[in-house]
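**Student:** Got a sequence here, can you model it:
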Amino acid sequence: MLLMQDMTKSFLGIRVLHSVSLDLDPGEVHAVVGENGAGKSTLMKLLSGEHTPDSGRIEIDGTPRAFGHPAQAQAAGVGIIHQELALLPDRTVAENVFLGREPTRRGLVDRAAMARRTTELLAELNASEIAPDTPVRELSVALQQTVEVAKALAADVRILIMDEPTAALAEHEVATLFDLVRRLTARGLGILYVSHRMREIFELSQRITVLKDGRRVTCVRTADTDVDQIVSAMVGRELRAYYPPRAAPEALGEPVLTVAGGGNDRLSDIDLTVRAGEVLGVAGLQGSGRSALARAIFGADPFTRGSMTVAGRPVRPRRPREAIRAGIALVGEDRKAEGLTLRQSVRDNTLLVTRAVGIGERGGGEETVTRLLDRVRLTSRSTGREVRFLSGGNQQKVVIAKWLAARPRVLLFDEPTRGVDVGAKAAIHTLVRELAAEGLAVLLISSELPELIGMSDRVLVLSDGRPAGELPAGPSEEEIMRRATATGADRAGAA
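**Tutor:** Sure, this is the predicted structure:
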């Protein structure tokens, strides 16, 4: 179906792709993986017509193709769904599906035909619950992705690029996306699937191409490899180097954070203790109360029952500012919406908390900012650069630096490595362990069970807003899921 051969591309004299080749069969999911900067996005943009190659050739169904504009690629049957969806929120579903290709009748847009065809496309995607006249802004991210796919099908796309399609999805929405991908491949579409998430790559793909530093390292059948080999190809080290060693039990200090009988509208009977130097993992299904727990401790949706202490001192934060002054920091799950001001500089983002609350690092000198950014190993050296231009991993490091400037005693991490590549994940994992070793108490929430197991000294499992059990270091995924899926009666029987 598709052949890309010896694709080369340079920007401002710097070569970012070195003779990369890739092919795709009908009905195949071909995963493309690599660290940020490996060349994945550039390769996909050459295929989608957003960039033109310096050299190399593209063939579709054996016919040579050259694209100077995305419209030319789409006319050849190539579509792309970006991580940041390209829909107009104030227009209807049907208007988005046929944007720029509206059917006409007697010189006017035939809205009835547009709505009828949109309904047919959505039915094919098992998404009949989406009405064609619904404004896109009223849809969840998962349903907006479905609209993007319908848009591609309306344009007769046969090759679909999906760039980090699950990055903004909740867990229960990921299964819906997987079902959608399988429906598309059953129709004969070929999908190039770009993702950092190993589990979904191995669940969906038939082949995996690994890029590193703009070169193709390997292309293997998914059934013939494993996560360890793919990560090693991506970053040049084995998976077991991915998670730093846990703290020895005797190295842990006194309790820093305690919650006794904590509760609010989302949570009940929360009892937990996190000691200095300890990483307490929090597991649970979507809606189990994981993020609600972090927000309660941080005062965003505060506890209305129970008690809490930080370093032995009773605290009852009713808003985040009070929690910050008590020594609590929250690295939230949505860094763009809650952690950063994207159009401000790295420097200003690093100093957001200290300027707003007036605690922690004093002054805003370049020396202070540089020291904080060195601490989190930020790879971008320009502190004046707008933070929106950084990779996801570097943006997350700026968020962490912002909170370190406040000198917290307790660090709450909610999905700390969501949407970052494996190299940045390893750097964040190492940083979390180093901060714990310096005496901070860390509460780590993650939907990636391998991460939770590899990073935690203990794991607290939540179900329906209540504790469903506590597990020692190194539990199996089965042990966690058994407790996460337990009913109230199951929990009572276990007790």
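**Student:** quick one: the nearest residue to Leu342 once chain neighbours are set aside from Asn394, how far?
**Tutor:** Closest residue to Leu342 apart from its sequence neighbours, by C-beta to C-beta, 6 or more residues apart in numbering: Arg388 at 3.8 Å. Placement of C-beta: from N, CA and C, glycine included. In this structure, Arg388 and Asn394 are 11 Å apart, going by C-beta to C-beta, to the nearest Å.
**Student:** Compare those two and say which is more crowded by neighbours.
**Tutor:** In terms of neighbours (other C-beta atoms under 10 Å), Asn394 is the more surrounded of Arg388 and Asn394; the figures are 22 against 12.
**Student:** In three-state terms, label the more buried one for me.
**Tutor:** The three-state label given to Asn394 by DSSP: H, G, I helix; E, B strand; the rest coil is helix.
**Student:** separation between it and Leu373?
**Tutor:** Summarising the geometry, the distance separating Asn394 from Leu373, computed by C-beta to C-beta, is 10 Å.
**Student:** Next: Thr8.
**Tutor:** Counting by C-beta to C-beta - Thr8 and Leu373 are separated by 34 Å.
**Student:** How is this structure divided into domains?
**Tutor:** What automatic domain parsing lists as the domains of the chain is 2-240, 249-494.
**Student:** Adding mean pLDDT, write those out as JSON lines.
**Tutor:** Formatted as JSON lines, the entries for the domains of the chain read as follows, by pLDDT from 0 to 100:
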{"stretch": "domain 2-240", "mean pLDDT": "88"}
{"stretch": "domain 249-494", "mean pLDDT": "89"}
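**Student:** Could you check which of Thr8 and Leu373 is surrounded by more residues?
**Tutor:** Regarding Thr8 and Leu373, a neighbour count based on other C-beta under 10 Å identifies Leu373 as having more, with 22 against 16.
**Student:** strand partners of the helix or strand that contains Phe413, parallel vs antiparallel please.
**Tutor:** For Phe413, the enclosing helix or strand under DSSP states H and E is strand 410-414. Based on DSSP bridges, the strands next to strand 410-414 in the sheet, each with its direction, are strand 328-331 (parallel), strand 441-445 (parallel).
**Student:** Could you save those as JSON lines and add columns showing distance to Gly261 and mean neighbour count?
**Tutor:** Putting those into JSON lines (distance: least, C-beta to C-beta, whole Å; neighbours: other C-beta atoms under 10 Å) gives the following:
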{"stretch": "strand 328-331", "distance to Gly261": "19", "mean neighbour count": "25"}
{"stretch": "strand 441-445", "distance to Gly261": "18", "mean neighbour count": "26"}
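**Student:** Include distance to Ala405 when you put those strands into CSV, please.
**Tutor:** Listed next are the strands paired with strand 410-414 as CSV, based on distance: least, C-beta to C-beta, whole Å:
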stretch, distance to Ala405
strand 328-331, 10
strand 441-445, 17
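**Student:** Quick check: which of those is nearest to Phe202?
**Tutor:** Phe202 sits nearest to strand 441-445 of all the strands paired with strand 410-414, at 23.5 Å, using C-beta to C-beta.
**Student:** So what's the gap between the closest one and the chain middle?
**Tutor:** Using C-alpha atoms, centre = their mean, to the nearest Å, the distance from the centre of strand 441-445 to the centre of the chain it belongs to is 18 Å.
**Student:** got it, and stretch 450-459?
**Tutor:** 18 Å.
**Student:** cool, and stretch 100-107?
**Tutor:** Using C-alpha atoms, centre = their mean, the distance between the centre of stretch 100-107 and that of its chain works out at 39 Å.
**Student:** And for stretch 51-70?
**Tutor:** Average the C-alpha atoms of stretch 51-70, do the same for its chain, and the two points are 31 Å apart (C-alpha atoms, centre = their mean).
**Student:** What residue in this protein is the furthest from its centre?
**Tutor:** Distance to the chain centre peaks in the chain at Arg106, reaching 46.7 Å (criterion: C-alpha atoms, centre = their mean).
**Student:** Relative to Pro302, how far out is Ala441?
**Tutor:** Distance of Ala441 to Pro302, given as C-beta to C-beta: 19 Å.
**Student:** residue ranges for the helices of the stretch 301-450 of the chain, please.
**Tutor:** Read by DSSP state H, counting those that start in this stretch, the stretch 301-450 of the chain holds these helices, from start to end of the chain: 320-325, 346-350, 352-357, 366-375, 392-404, 422-437, 449-455.
**Student:** Can you show me the strands along the stretch 251-400 of the chain?
**Tutor:** Remark: strands assigned in the stretch 251-400 of the chain by DSSP state E, counting those that start in this stretch are 255-263, 270-275, 279-283, 305-310, 313-315, 328-331.
**Student:** and of these, who's closest to Ile201?
**Tutor:** Proximity of those to Ile201 was assessed by C-beta to C-beta; the nearest stretch is strand 279-283, lying at 22.0 Å.
**Student:** helices or strands next to the closest one in the packing?
**Tutor:** Secondary-structure packing of strand 279-283 (3 or more C-beta pairs under 8 Å, 6 or more residues apart in numbering; DSSP states H and E): helix 290-297, helix 422-437, strand 441-445, helix 449-455, strand 458-463, helix 477-484.
**Student:** if we go to 6 Å?
**Tutor:** If contacts are counted by 3 or more C-beta pairs under 6 Å, 6 or more residues apart in numbering; DSSP states H and E, strand 279-283 sits against strand 441-445, helix 449-455, strand 458-463.
**Student:** My reading is that Arg57 is in a strand; is that accurate?
**Tutor:** Yes: assignment of Arg57 by three-state DSSP places it within a strand.
**Student:** quick one: it from Leu46, how far?
**Tutor:** According to C-beta to C-beta, Arg57 and Leu46 sit 11 Å apart.
**Student:** With Ile453 instead?
**Tutor:** When C-beta to C-beta is the yardstick, Ile453 and Leu46 sit 38 Å from each other.
**Student:** So which of the two has more stuff around it?
**Tutor:** Leu46 (24 against 21).
**Student:** still on that earlier bit, nearest to Asp414, out of the strands paired with strand 410-414?
**Tutor:** Each of the strands paired with strand 410-414 was checked against Asp414 via C-beta to C-beta, and the shortest separation belongs to strand 441-445, namely 4.7 Å.
**Student:** and the angle for the closest one with strand 279-283?
**Tutor:** Counting by axes from the mean of the first three to the mean of the last three C-alpha atoms, to 10 degrees, strand 441-445 lies at 20 degrees to strand 279-283.
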